[in-house]
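Asks: how would this look folded up:
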Amino acid sequence: MECHSLPFVEIFRGNLSFHLFTRILLHMSTLIFFVFSLDLIILFQLLFIWQNEFKGLSKKFFYTIFISIFVISFYIMFVITYRYRDLYGVKLAYGQNLLMSILFITMILNRNSIKGQSIYIAILKMLGTALTSVAFYIFFAREFYENSIFWSILYTLIFLFDIIYIFIFYQKSRKQAINPWTRA
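Replies: Numbers count the residues shown, from 1 in each chain. The predicted model follows:
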């Protein structure tokens, strides 16, 4: 008598892989929800205390600029994701990281103060990016690198701008007679 059913091992393997896949999706969705929640906190802070940073702007002008930037950013992220098939958002994430490194420098130079900043934030941002970059290189090099110098240049630029920010922060804190290591 011939049996056309799957062997027990195949059924178990299929169930195990489905179980692992659903667990991974659950953890990823939890992580995405957590990060999205943090982004919402930052958004609400911006919308409620923007007058402290942008004193010369009218409410109408600020919200017009805010909505415009939000729409343009969404469009840019959508186009980059579609055009470069960046389904994981890796290129976007590192591009945003580079932009943030530059904006931290711009912020500290415009404020001419270390108000709201910490050397620990600067160092941890740099270390977080460095560790993520190393892990990305080790685990996803074949999938994303495609023999491109793009990633090496991007990592280097982010690192350099982070070092510049740390240096400027340190100099500004010393100039303001503040010990950067005791300020949390």
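Asks: Got phi/psi on residue 182?
Replies: Note on residue 182: backbone dihedrals following degrees, to the nearest 10 are phi -100, psi 0.
Asks: Count the residues that sit near it.
Replies: 8 (other C-beta atoms under 10 Å). The way it works is simple: take the backbone N, C-alpha and C, and place the C-beta from them, glycine included.
Asks: can you give me the helices for the protein?
Replies: In the chain, the helices defined using DSSP state H lie at 8-53, 59-83, 90-111, 119-144, 150-175.
Asks: now those helices as CSV including mean neighbour count?
Replies: Shown next, in CSV, are these (neighbours: other C-beta atoms under 10 Å):
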stretch, mean neighbour count
helix 8-53, 10
helix 59-83, 11
helix 90-111, 16
helix 119-144, 14
helix 150-175, 16
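Asks: can you list the ones you listed in JSON lines and add distance to residue 181 and mean pLDDT?
Replies: Output for the helices of the chain, formatted as JSON lines (distance: least, C-beta to C-beta, whole Å; pLDDT from 0 to 100):
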{"stretch": "helix 8-53", "distance to residue 181": "26", "mean pLDDT": "67"}
{"stretch": "helix 59-83", "distance to residue 181": "35", "mean pLDDT": "89"}
{"stretch": "helix 90-111", "distance to residue 181": "17", "mean pLDDT": "88"}
{"stretch": "helix 119-144", "distance to residue 181": "7", "mean pLDDT": "81"}
{"stretch": "helix 150-175", "distance to residue 181": "9", "mean pLDDT": "91"}
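Asks: Any chance of TSV for the ones you listed, columns distance to residue 182?
Replies: As requested, these are exported to TSV (distance: least, C-beta to C-beta, whole Å):
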stretch	distance to residue 182
helix 8-53	25
helix 59-83	35
helix 90-111	19
helix 119-144	10
helix 150-175	10
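Asks: Nice, that's everything, thank you.
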